[in-house]
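Q: could you look at this predicted model? Sequence included:
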Amino acid sequence: MQVSFAVLKKMDLLRQTLPVPPIGMDEPKRVSPSALAQEPFRIFFPAGVVAGIIGVMLWPLYFWGILQSYPGQNHARIMAYGLFGGFILGFLGTAMPRMLSAFPFRFAEVLPILLLHLAMVLSYAAAHTSLGDTLLLLLLFTFFICIAIRARYRKDTPPPGFVLVGLSFLCMATGAILSIVADLREIDPYWISLQRLLSYQGFVLLPILGIGPFILPRFFGMQSHHDFPEALVPVGGWWKKAALALAAGALIITSFFLETAGWYRLGYTVRFATTLAYLLLEMPFHRAPKASNALGLSVRIAFGGILAGFLAVALFPIYRIALLHLTLIGGFAVITFVVATRVVFGHSGNIELVKKRNRWLLIAIGIMLFAMVTRISGDFWPKIMASHYSYGAILWVMGVIIWAAYVLPKVLSVEEE
């Protein structure tokens, strides 16, 4: 009976976090105010979308003469901390209490996190970088405290790949501290380069690799090897998976130090090889059935984009800023929107939509990818840089708006229990 209860509880966890189609679907009902806090994705996914639109629109506003300061680093900060950060906070704020078998977030906790997130994004948009960096550190600290409180009362252990989630927050915290130090005094360019790599790549890549083995195989009807029975003390197999994840994370962070030291080709080669090896071992999409809908195809596109960007920079490091957008837009952004689609559909009583063709998703992602190509081309032909940066930003926003129109209204609906 004890084993059966653990299995049933784990099945319920999966249904709530990224659910499988239930039998006897009820009509969705409108979400209550308390559910907004208990499932923070309902708040932070829209906040992340708003942050992403603000971040990319800095470029046309600058080239049209509306903004005076060059938006390079503030754009990068908004996209990393605002867009991706919003989706990461929303996902983890919803999933982690369930994975720990702890109590959900409360409104009094979610509200300050949301306000810090919004204030941070607006500070960067207004070119108040120092203030934004300070707010970022406060945001991370507040969220960490909320998770730590629940970890104290946990009855279960998160999947082993979540070791990489912990490393990602360590990367972000280190990057935030380096940013604040750089705002206060002049520091060696080595540390500034490292801060950008830890914050803009490590903070996003590591959670994708950490969470992916637990949830993404289900996109293809495959079993996750990171799904272990409920246990306060992890079993032996859990430790092996966690050690592999930790080794992959250590190699990726090492690649940041290699790149910062000027070994661009070697750094990106290590990053490419580590990511590819981990995907083959823990997310073997090459053995998955052929994708029958837009979500499965989009997952493959996303990981292809991540790997293509790393490989392209390893081969042509002189164009690394431009080519890295293969990873950032074609990889990170695509996988973010795909997983968010599954989360929203599952929590809103619309899980049956996951199996449909969802051509609108391919249209939205196709526009985003076209925007990516437009943005990259601007760095290869300086005469068209201003126009292509602007066109690329507007096209990307169009793709995001299409996605948001189909997905975000459902955050206000909840599946009947």
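A: Sure thing, it's come through.
Q: contacts for the one helix or strand residue 108 maps to, please.
A: Assigned by DSSP states H and E, residue 108 falls within helix 107-125. Outside helix 107-125, the residues that touch it by CB atoms under 8 Å, 6 or more residues apart in numbering are 33-34, 36-37, 40, 43-44, 47, 50-51, 54-55, 58, 74, 77-78, 81-82, 85-86, 89, 93, 129, 131-132, 135-136, 138-139, 142-143, 146. Every C-beta, even on glycine, is put in place using the N, C-alpha and C of the backbone.
Q: over to stretch 355-364?
A: 21, 292-295, 297-298, 337-338, 341, 399-400, 402-403, 406.
Q: among these, name the buried ones.
A: Buried members of the contacts of stretch 355-364, counted by 16 or more other CB atoms under 10 Å: 293-295, 297-298, 337-338, 341, 399-400, 402-403, 406.
Q: what's the most distant pair in the residues you listed?
A: Farthest apart among these by CB to CB are 293 and 400. That separation is 20.5 Å.
Q: re earlier: and the helix holding residue 108, what's its mean pLDDT?
A: Mean pLDDT, helix 107-125: 96.
Q: before we move on, what about stretch 62-73?
A: On average, stretch 62-73 scores 92.
Q: gap between it and the chain center?
A: A distance of 26 Å separates the centroid of the chain from that of stretch 62-73, by CA atoms, centre = their mean, to the nearest Å.
Q: with just CA atoms, put it into CSV.
A: Taking C-alpha atoms only, stretch 62-73 is exported to CSV below (Å, rounded to 0.1, in the frame of the first residue of the first chain):
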residue,chain,number,x,y,z
TYR,A,62,17.2,53.4,-30.7
PHE,A,63,17.6,53.5,-34.4
TRP,A,64,14.5,55.7,-34.8
GLY,A,65,16.2,58.2,-32.5
ILE,A,66,13.7,57.8,-29.6
LEU,A,67,16.3,56.3,-27.2
GLN,A,68,19.6,58.0,-26.9
SER,A,69,21.7,55.3,-25.2
TYR,A,70,22.9,52.3,-27.1
PRO,A,71,20.8,49.4,-25.8
GLY,A,72,23.2,46.5,-26.3
GLN,A,73,23.8,45.3,-22.7
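Q: for this protein, what are the low-confidence residue spans?
A: Scanning the chain for pLDDT under 70 picks out 1-30, 286, 288, 291-292, 416-417.
Q: helices along the stretch 301-417 of the chain, start to end?
A: In the stretch 301-417 of the chain, the helices defined using DSSP state H, counting those that start in this stretch lie at 320-323, 325-327, 334-347, 359-380, 385-407.
Q: how about those helices, which one is nearest residue 287?
A: helix 334-347 (19.2 Å).
Q: for the helix holding residue 108, which positions count as buried?
A: For helix 107-125, by 16+ other CB under 10 Å, it's 109-110, 113-114, 116-125.
Q: and if you look at stretch 159-177?
A: 159-176.
Q: in helices, which of those fall?
A: The members of the buried residues of stretch 159-177 that map onto helices under DSSP state H are 163-176.
Q: between the residues you listed, which is closest to residue 266?
A: residue 171 (19.7 Å).
Q: return the distance of the residue nearest to that closest one when sequence neighbours are not counted relative to residue 284.
A: The shortest distance from residue 171 to any non-neighbouring residue, by CB to CB, 6 or more residues apart in numbering, is to residue 202 (3.6 Å). For residue 202, the distance to residue 284 equals 24 Å [CB to CB, to the nearest Å].
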